[in-house]
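> Sequence plus predicted model, see below.
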Amino acid sequence: MLSLLSISLYLVAFAQVALLRSVQRGSSSQTVFVNDVKVPVVLGVMSRCPDALLCESVWDHVLQRVGDKVNISLSFIARLNPSDEAYGVTCMHGVEECAGNVHELCVAKYHPTSEWWSFLECENYQGSDKVGLPETAAKCAEAAGFDWENDKAHQCAGDNGQGLEGAQLLRESVGTSLELGIKKSCTIIINGKQVCIHDGTWYECEGGHTPADFIRQINEEYEHLNRAD
């Protein structure tokens, strides 16, 4: 005959297996994630565009809530122009915008999201007419916690925002925007789907355009990408 101890251990093990199967079937209120796949988010922007600044300020609130669930990037809008010797593109708000685009791309390449996003928000806070200026980049690097003068991002961007590496990043970014069909700043793409545009006003935003709306969409996509079968 089984001892009382053996029976107790068997009942505990049975209960644990039953609970695990219940959770996996979704009968538990707790969602089980087998991975941690980040939700890709692309903001199609121009660094000196007022619509981009507004859009990025909204996403600042979103990232405060669900930043650990997303992989966010910027895709810049400009016109490819092989005759432009500095960048190979023409930026809608002038060469200073091209420099601002380069600053943000270089910082994003060499720093984690928390730092390059802080750099971006600092630049926006200075005002669109200050984006792309060397002194703004230096000031915002300090605000983000790194020394611009001795940083790889500065080497990438160059002293005047016309570094060879930075210009290449900009051309690649503009090419990506063209591939994605991004034409308006700011265009928001979540997990490969265009979900909203701000160009003077919000439109084509079926799921809403407030921080809460974007947070909800991120949570839904994160669950979709990571839910156990």
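Noted; the coordinates are in hand. Numbering: from 1, shown residues only.
> helices and strands around the strand or helix carrying Ala108, which ones?
According to DSSP states H and E, Ala108 maps onto helix 95-110. The contact analysis (3 or more Cβ pairs under 8 Å, 6 or more residues apart in numbering; DSSP states H and E) places helix 95-110 against strand 70-76, helix 113-126, helix 134-144, helix 152-157, helix 164-180. Where you see a C-beta, it was placed from the backbone N, CA and C, and this is true even at glycine.
> After the helix or strand of the chain with the lowest mean pLDDT, which helix or strand is next?
Least confident helix or strand of the chain, by mean pLDDT, DSSP states H and E, is helix 4-24 with a mean of 40. Under the assignment DSSP H and E, the closest C-terminal helix or strand after helix 4-24 is strand 39-45.
> give me every residue that touches the residue nearest the centre of the chain.
The centroid of the chain falls nearest to Ile72 when counting by Cα atoms, centre = their mean (1.6 Å). Residues counted as contacts of Ile72 (Cβ atoms under 8 Å, 6 or more residues apart in numbering) are Val41, Val42, Leu43, Trp59, Leu63, Thr113, Trp117.
> same deal with His61?
Pro211.
> Now do the SS call for it.
Of the three states, His61 takes helix under DSSP: H, G, I helix; E, B strand; the rest coil.
> What distance do you get for it to Lys139?
23 Å (Cβ to Cβ, to the nearest Å).
> got the phi/psi numbers for the closest residue to His154 other than its chain neighbours?
Computed as Cβ to Cβ, 6 or more residues apart in numbering, the closest residue to His154 that is not its neighbour in sequence is Trp148, at 5.0 Å. With angles defined as degrees, to the nearest 10, Trp148 sits at phi -60, psi -40.
> Thought Glu135 was touching Trp148, still the case?
No - Trp148 is not in contact with Glu135 according to Cβ atoms under 8 Å; the separation is 9.8 Å.
> Trp117 versus Asn150, what's the distance?
21 Å.
> Same question for Gly127.
18 Å.
> mind listing what's buried in stretch 35-54?
38-39, 41-49, 51-53 (16 or more other Cβ atoms under 10 Å).
> Ok, stretch 134-148 next?
Pro134, Thr136, Ala137, Lys139, Cys140, Ala141, Ala143, Ala144, Phe146, Trp148.
> now this protein, which segments are flagged as low pLDDT?
Counting by pLDDT under 70, the chain contains low-confidence residues at 1-34, 228-229.
> so Leu225 touches Val39, yeah?
Yes - at 6.5 Å, Leu225 counts as touching Val39 under the criterion of Cβ under 8 Å.
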